[in-house]
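Any chance you can model this:
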Amino acid sequence: MLPSEDNIANFLAFAPEADEGKAFVFLEGASTMEEAVTQYYENPDKYSQPPAPSPAPPPAPVDSKPVKDTKAPPKQVDAPPMYFPPQNTMSAQAQRHRPHSNVVINAGIIRARDEQEMQNMLQSVQLSNGIYNSDIEPEHETDWYCNCLVHQYKNRKISRLGVQEMWANAVMYPG
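Okay, the predicted model is just below:
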């Protein structure tokens, strides 16, 4: 059984003296909730591993005096169990913080970026031509193309059609 947050919470409701780690291991080793709880009450230490033996001190040289070990490692009375969750599962917290994305969100990001670029370009063209009313768009007296800022702005405005169509298709209801 693949332990989920709900399964662990249900297990802890049946066995309140267990912790989340034990609940995870017992649920992982059982096929049903009832089987996991039964296994826990039969033997709560079933999946606990005995503490690893401490390594023996190196042998003392023949010519030296025996050295007393003044710093013995402290014994861990209430140490956590020595098991780990499987590596292939993603934690619930990591799943919750993954950013949600869909066609509308992606189109909105692209559209917002395009709108900001157009707004910046319009303000720079207005400022360079001395237009201080933000409602007035810059115009040219000629219809033929030149490489001035006004025509660059107009061409950029015309080339936005692809972004606007992408946005329209993203927000359009089917049918």
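
Now that we're looking at Met118, what pLDDT does it have?
If you check Met118, the pLDDT there is 93.

Counting by contacts, list what the helix or strand containing it packs against.
Per DSSP states H and E, Met118 falls inside helix 103-128. Applying 3 or more C-beta pairs under 8 Å, 6 or more residues apart in numbering; DSSP states H and E, we find helix 103-128 packed against helix 149-158, helix 161-171. Any C-beta I mention is one placed from the backbone N, CA and C, and that applies to glycine too.

domain parsing for the protein?
Using automatic domain parsing, the domain parsing of the chain gives 1-47, 103-171.

Lowest average pLDDT across those domains?
Among those, domain 1-47 carries the lowest mean pLDDT, at a mean of 83.

Tell me the gap between that one and the middle of its chain.
Domain 1-47 sits 27 Å away from the centroid of its parent chain (C-alpha atoms, centre = their mean, to the nearest Å).

circling back: just put the domains of the chain in CSV and tack on distance to Met82 and mean neighbour count.
Formatted as CSV, the domains of the chain follow (distance: least, C-beta to C-beta, whole Å; neighbours: other C-beta atoms under 10 Å):
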stretch, distance to Met82, mean neighbour count
domain 1-47, 9, 15
domain 103-171, 44, 13
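
With distance to Asp78 added, can I get those in a markdown table?
A markdown table is the format used below for the domains of the chain (distance: least, C-beta to C-beta, whole Å):
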| stretch | distance to Asp78 |
| --- | --- |
| domain 1-47 | 11 |
| domain 103-171 | 48 |
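
quick one: the helix holding Met118 to helix 149-158, angle?
Angle of helix 103-128 versus helix 149-158, following axes from the mean of the first three to the mean of the last three C-alpha atoms, to 10 degrees, is 170 degrees.

Glu17 is in what secondary structure piece?
With secondary structure defined by DSSP H and E, Glu17 is part of neither a helix nor a strand.

excluding its backbone neighbours, what's nearest it?
Nearest non-adjacent residue to Glu17, counting by C-beta to C-beta, 6 or more residues apart in numbering: Pro44, 8.0 Å away.
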